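A.B. asks: what follows is a protein structure lacking sequence information:
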Ligand SMILES: Nc1ncnc2c1ncn2[C@@H]1O[C@H](COP(=O)(O)OP(=O)(O)OP(=O)(O)O)[C@@H](O)[C@H]1O
């Protein structure tokens, strides 16, 4: 039997409480939802609602304090080799060439130089960086570095790809181009994707489903089906259905933001993370 190209991910009654000097912080509470195999699911929600924490659980970097995560129906507690993650910062090794950065996960797994370089060159072609294999990361633009990071994440042929605001540090025009390219790459690889973004348009353009999270402690407030056919054209934002979905998502987010600002959240906490929260729309 051949290995699956995509996993179904199910979160069941998930809870996560961080222990801090200031006391416990309930980041996620009773979150239940299914990411169907091979689908692209985006997570949006107010700042601090637990989106990154959910990805940390999905990657098994963090254990939930209650509930469970199931992959293809089986509970998972340890990190899986077939899960890859892309962060907002590409985090490429500056002293290595782009080729060696992309090949790095294969090197760690003991794949021989020739095989890993062949694979890395193929991936660089996929992300449109074939001419930059011998360059160092600092000679590439932000968008190019992020494409290299995506190629690196794909080098191990993941069946689950977790992306935490991967385009958050890029300008609007580059983000739009990256969305189109990411869709093409995802269609080619077929893996399941869980994608965190603050950008509603990006979520609609990319996704099959959008999960709108409630304010902290986060849970899934609404699962919105993006019933727009693929391929999605560059003029998607002028499509009336896109605009309806955009209005629906904004309204769901606005409810949470208003409730937060009225002080009906469960209190404030300082983020102890390295990624930026700049540009939060809510
Ligand atoms: N390692 C940690 N220790 C303590 N508290 C944490 C830790 N990581 C996150 N938190 C808290 O858990 C809550 C959820 O954080 P998380 O980063 O998952 O939210 P987010 O939705 O990704 O936020 P943003 O949209 O601002 O990136 C926040 O209140 C945050 O301060």
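C.D. replies: Done, it's in. Everything quoted here is computed from the prediction, not taken from an experiment.
A.B. asks: quick one, helices of the stretch 151-282 of the chain?
C.D. replies: In the stretch 151-282 of the chain, the helices defined using DSSP state H, counting those that start in this stretch lie at 172-189, 200-206, 240-261.
A.B. asks: give me the contact list for the shortest one.
C.D. replies: Spelled out, that is helix 200-206. 40, 42, 44, 167, 175, 179, 182-183, 195, 197, 210, 226, 228, 232, 236-237, 242, 245-246, 249-250, 253, 281 (C-beta atoms under 8 Å, 6 or more residues apart in numbering). For glycine as for every other residue, the C-beta is placed from the backbone atoms N, C-alpha and C.
A.B. asks: pull up the residues of the stretch 51-200 of the chain that are close to the ligand.
C.D. replies: 51, 52, 53 (C-beta under 6 Å from any ligand atom).
A.B. asks: and with 8 Å instead?
C.D. replies: Within the stretch 51-200 of the chain, the positions lying close to the ligand (C-beta under 8 Å from any ligand atom) are 51, 52, 53, 54, 55, 56, 164, 165, 196, 198.
A.B. asks: between which two of those is the distance greatest?
C.D. replies: 56 and 198 (17.6 Å; C-beta to C-beta).
A.B. asks: can you list the domains in the chain?
C.D. replies: Using the TED database, the domain parsing of the chain gives 1-82+160-259, 92-157.
A.B. asks: start and end of the shortest one, how far apart?
C.D. replies: In this case it means domain 92-157. From its first residue to its last, domain 92-157 covers 19 Å (C-alpha to C-alpha, to the nearest Å).
A.B. asks: next one: it to chain centre, how far?
C.D. replies: A distance of 19 Å separates the centroid of the chain from that of domain 92-157, by C-alpha atoms, centre = their mean, to the nearest Å.
A.B. asks: go on, stretch 11-19?
C.D. replies: So, by C-alpha atoms, centre = their mean, the centroid of stretch 11-19 is 19 Å from its chain's centroid.
A.B. asks: repeat that for stretch 159-173.
C.D. replies: 6 Å.
A.B. asks: okay, the residue in the stretch 101-250 of the chain that the ligand sits nearest to and residue 255: tell me how far apart.
C.D. replies: Closest residue of the stretch 101-250 of the chain to the ligand, C-beta to the nearest ligand atom: residue 216 (5.4 Å). Remark: distance between residue 216 and residue 255 (C-beta to C-beta, to the nearest Å) = 14 Å.
A.B. asks: likewise residue 100?
C.D. replies: 48 Å.
A.B. asks: show me where pLDDT drops low in the protein?
C.D. replies: 1-3, 263-282 (pLDDT under 70).
A.B. asks: check which helix or strand covers the residue of it most remote from its centre.
C.D. replies: Largest separation from the mean C-alpha position in the chain: residue 114, at 30.4 Å (C-alpha atoms, centre = their mean). Using DSSP states H and E, residue 114 falls within helix 113-126.
A.B. asks: taking helix 172-189 as reference, get the angle to that helix.
C.D. replies: Relative orientation of helix 113-126 and helix 172-189, computed by axes from the mean of the first three to the mean of the last three C-alpha atoms, to 10 degrees: 120 degrees.
A.B. asks: list the contacts of helix 113-126.
C.D. replies: With C-beta under 8 Å, 6+ apart as the test, helix 113-126 has contacts from 98-100, 102-103, 106-107, 111, 130, 132-133, 148, 151-152, 154-155, 185, 188.
A.B. asks: just the buried ones from those residues, in PyMOL syntax?
C.D. replies: The PyMOL command for the buried members of those (criterion: 16 or more other C-beta atoms under 10 Å) is given here:
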select buried, resi 98+99+100+102+103+106+107+111+132+133+148+151+152+154+155+185
